[in-house]
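Enquirer: let me see the structure of the following:
(chains A, B, C and D)
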2 protein chains.
Amino acid sequence: MPMDERKHRVLQAIIQDYITTAEPVGSRSIARKYDLGVSPATIRNEMADLEEMGYLEQPYTSAGRVPSDKGYRFYVDCIMEKDQLSEAEENFIKMQFAKKMEEIEEVIKKTSDLLSQLTQYTALVLGPNLSSSIFRYVQMSLIETGKALLVIVTQTGSVKHKIMDVPANFSQKDLNKVSMVLNSKLKGIAFEKVKKSVLDEIYNELIKEKILLETVLEILNNTLNNSNTENIFLGGTLNILNQPEFRDVEKIKSILGILEEKDILRKLMQYNDKMDGITVKIGEENPFEEVRNCSLITATYHMNGEVVGSIGILGPTRMKYSKTIALVEYITQVLSNTLSNGK
Amino acid sequence: MPMDERKHRVLQAIIQDYITTAEPVGSRSIARKYDLGVSPATIRNEMADLEEMGYLEQPYTSAGRVPSDKGYRFYVDCIMEKDQLSEAEENFIKMQFAKKMEEIEEVIKKTSDLLSQLTQYTALVLGPNLSSSIFRYVQMSLIETGKALLVIVTQTGSVKHKIMDVPANFSQKDLNKVSMVLNSKLKGIAFEKVKKSVLDEIYNELIKEKILLETVLEILNNTLNNSNTENIFLGGTLNILNQPEFRDVEKIKSILGILEEKDILRKLMQYNDKMDGITVKIGEENPFEEVRNCSLITATYHMNGEVVGSIGILGPTRMKYSKTIALVEYITQVLSNTLSNGK
DNA sequence: CTTAGCACTCAACAGTCCTGAGTGCTAACA
DNA sequence: TGTTAGCACTCAGGACTGTTGAGTGCTAAG
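Expert: Numbers count the residues shown, from 1 in each chain, chains lettered A, B, ... in the order given. Model prediction:
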């Protein structure tokens, strides 16, 4: 069955209505509210067609229709008109990023708070993967005999630190030497791209500090892996409780539970370098059971032309797609600018 | 009306029953389950007395009785027998703290996770107040021209860092000088006890670095205030959703909402140096509306003899007091030991 | 192809009844 | 005087019923 102009309009009306009311919509109310120029009976016929085609579902006989995931998908791809943020909104967003922020964590936290506040859904922001981050500065400081502080600063302005044991006979001078060598060899290189040749060089220069060096390298490795678990930020977690689809405690447990699983969230927010622009995952398209009645809108952001992370919004499938997409798009852009200029 | 032996036993039976079933308890079931040697009718009379005395409440006429806050209070103070952890439990807890942890945040996080896991309620841990923490090490490092990294390490093993702007003509040597002076003057002093005289000394020695110094001091100040907001840790936030008293979405919103308000949590967990041992706040005894149907069990922990923070468990007033108190007590002790030995 | 009309469906709501757990009171009993 | 059996009473909650209203599908006429 072909999808003609009128079916478009009916589907659009149904989805828009359902997005705002969260109630199954019937032919009469469509005919009343939206000026389609046909009677409810005609709309009914169209609705029956749309249901047969898989765009609509009926919760039970003689209830109104509800859009299916396929329906939302068609809506997002073919029907929806892109929303344009008002100037006031754009200014508000820009203002939020105006404050100077040296560390990327601050920026990311800001972003997730802002996103959730503006959309009233739950925001997710995936920060730069530490292992793809670039060394900017490494430093070891002797805190007291036998204890040193290792600090690593990345190009993105992430600071990681770790207190470690060092042999008791090590002085700050020794540590300075190690720091200097590490700095000169590692600076500008991505963590994951530190090659064996570089490590060999370091080893050669620091043959005397072998034990120490091994500890440091181990810590570097651990830091890479552990900190992966810390690069996801949430905003407005509880917003989801305001949605009528989460009125029931079991659903709340399930969704809030998954929001505590950083690993899963990281998988949800995964991106690849080829991705650009907005991605929308609707209901069943999502890889995890617990978010099958949710939609996820994500976008990647950049730093100096490189994709370094992604931001996203998680809401019910009955989501204000056009508005949300516009917001995500704009904030991505501002975020990318902020990250690229400041540093 | 006097509180005689039998009333004790009846009250005890009612509270124990209610704690496990979460259902109003009636005279018949008490007579059946607990061997009090009297008929339901007698128990009814006692219950009526206990209600008049304020230890019990009736949700509605002809329902069973439910303990009032006053009832729980009496139970905790006078009736309850202290629980003793099994050896297996004690060993399990000790094991969790066996791993060497240099930074206090790790230890605290561990503690809150462990507490919530063992109690199945929500755990709160308030870390050492940064402003009462003692300087251990301060260091400024030049990351690149015009940008420096300020790192502060406290006696408790807390590391704070901040990237800051410095005048472009500053070299690492200049920063070293500043670091050295700061270190020698501040080491061993609590943040809040840095006196004007000390600051004057620093000023005198670093008169040339005046601008820089002012920035650093400002950052120190900000760090103190901001980091206060980061010294509270939660574990098992969602455990509370398993309690039947939180079956309704509004209540869930309210309690989860308050658990996001770190300021309020900090107030809840406030302690003073005189406090030692366990504190139990039941229902209405709590200062905040949102936790009036909760009980909070807190205890302070020590580091080298000084009270440095508190740990707590938040659960429904219908809480397993004896078990929970025993757990909080033991974990406090292990935590204090861990913190005091390691460093 | 569109639409009016009509019979049909079903969730949601309100009302009714019943049951069972529980109470308070009273009078008899030890 | 304290304890207990008996009894009338209360009330939440579950089962059932009827009603309402929004909605559908089908058919026949326009």
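
Enquirer: contacts and neighbour counts: CA atoms only from here.
Expert: Fine.

Enquirer: list the buried ones in stretch A:260-274?
Expert: Neighbour counts over stretch A:260-274 (16 or more other CA atoms under 10 Å in any protein chain shown) mark A:262, A:265-266, A:268-269, A:271 as buried.

Enquirer: for DNA strand C, what are the nearby residues on chain A?
Expert: A:37-42, A:45, A:60-63 (CA under 7 Å from any atom of the strand).

Enquirer: just the helices from chain A, written as ranges.
Expert: All helices of chain A, identified by DSSP state H, fall at A:5-21, A:27-33, A:40-52, A:69-74, A:87-98, A:104-119, A:172-186, A:196-205, A:210-228, A:249-260, A:262-268, A:321-342.

Enquirer: so which of these gets nearest B:Met80?
Expert: Nearest of these to B:Met80, taken as CA to CA: helix A:249-260 at 32.6 Å.

Enquirer: got the phi and psi for the residue in chain A that DNA strand C sits nearest to?
Expert: Residue nearest to DNA strand C within chain A: A:Val38 (3.6 Å; CA to the nearest atom of the strand). Per-residue torsions, A:Val38: phi -130, psi 170 (degrees, to the nearest 10).

Enquirer: just A:Lys274 next, same as before
Expert: Main-chain dihedrals, A:Lys274, degrees, to the nearest 10: phi -70, psi -20.

Enquirer: give me the distance between it and A:Asp248.
Expert: Note on A:Lys274: its distance to A:Asp248, by CA to CA, to the nearest Å, is 39 Å.

Enquirer: likewise for A:Lys100?
Expert: According to CA to CA, A:Lys100 stands 42 Å off from A:Asp248.

Enquirer: more neighbours: which of these two?
Expert: Between A:Lys100 and A:Asp248, counted using other CA atoms under 10 Å in any protein chain shown, the more crowded position is A:Asp248 (13 against 10).

Enquirer: wait, that one sits on B:Val249?
Expert: Yes. In this structure, A:Asp248 is within contact of B:Val249 by CA atoms under 8 Å, at 7.2 Å.

Enquirer: quickly list the domain ranges of chain A.
Expert: Annotated domains of chain A cover A:5-79, A:87-128+A:231-342, A:131-227 [automatic domain parsing].

Enquirer: the lowest-mean-pLDDT helix or strand in chain A near chain B anywhere?
Expert: When the helices and strands of chain A are scored by mean pLDDT, DSSP states H and E, helix A:210-228 comes last with a mean of 76. No. Using CA under 8 Å from any CA of the partner chain, helix A:210-228 never reaches chain B; the gap is at least 12.5 Å.

Enquirer: may I have that helix as CSV, with CA atoms only?
Expert: Extracted in CSV, the C-alpha atoms of helix A:210-228 (Å, rounded to 0.1, in the frame of the first residue of the first chain):
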residue,chain,number,x,y,z
LYS,A,210,63.7,0.9,36.5
ILE,A,211,61.6,-0.1,39.4
LEU,A,212,60.0,3.3,39.7
LEU,A,213,59.4,3.5,36.0
GLU,A,214,57.6,0.2,36.0
THR,A,215,55.3,1.4,38.7
VAL,A,216,54.6,4.6,36.8
LEU,A,217,53.8,2.8,33.6
GLU,A,218,51.5,0.5,35.5
ILE,A,219,49.7,3.4,37.0
LEU,A,220,49.4,5.0,33.6
ASN,A,221,47.9,1.9,32.3
ASN,A,222,45.5,1.6,35.2
THR,A,223,44.6,5.2,35.0
LEU,A,224,43.7,4.7,31.4
ASN,A,225,41.4,1.9,32.1
ASN,A,226,39.8,3.1,35.3
SER,A,227,39.3,6.6,34.1
ASN,A,228,37.3,5.3,31.2
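
Enquirer: which other residues reach that helix?
Expert: With CA atoms under 8 Å, 6 or more residues apart in numbering or on different chains as the contact definition, helix A:210-228 has outside contacts at A:129-131, A:150, A:160, A:162, A:166-167, A:178, A:191, A:203, A:206.

Enquirer: same question, stretch A:142-149
Expert: Here stretch A:142-149 has contacts from A:140-141, A:161-172, A:175, B:136-137, using CA under 8 Å, 6+ apart.

Enquirer: same question, stretch A:308-321
Expert: Residues contacting stretch A:308-321 (CA under 8 Å, 6+ apart): A:18-19, A:22, A:69, A:72, A:76, A:112, A:115-116, A:121-129, A:240, A:243, A:245, A:269-271, A:282-283, A:293-302, A:324, A:328, A:332.

Enquirer: would you mark the buried spots in it?
Expert: For stretch A:308-321, burial by neighbour count (16+ other CA under 10 Å) applies to A:308-319, A:321.

Enquirer: show me which pair in those is furthest apart.
Expert: For the buried residues of stretch A:308-321, the farthest-apart pair by CA to CA is A:Val308 and A:Arg318; their separation is 29.6 Å.

Enquirer: circling back: which of the contacts of helix A:210-228 are buried?
Expert: Buried members of the contacts of helix A:210-228, counted by 16+ other CA under 10 Å: A:129-131, A:150, A:160, A:162, A:166, A:178, A:191, A:203, A:206.

Enquirer: strands - which of those land there?
Expert: A:150, A:160, A:162 (DSSP state E).

Enquirer: got TSV for the residues you listed, with distance to A:Ile104 and pLDDT too?
Expert: Formatted as TSV, these follow (distance: CA to CA, whole Å; pLDDT from 0 to 100):
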residue	distance to A:Ile104	pLDDT
A:Leu150	19	93
A:Lys160	12	89
A:Lys162	19	90
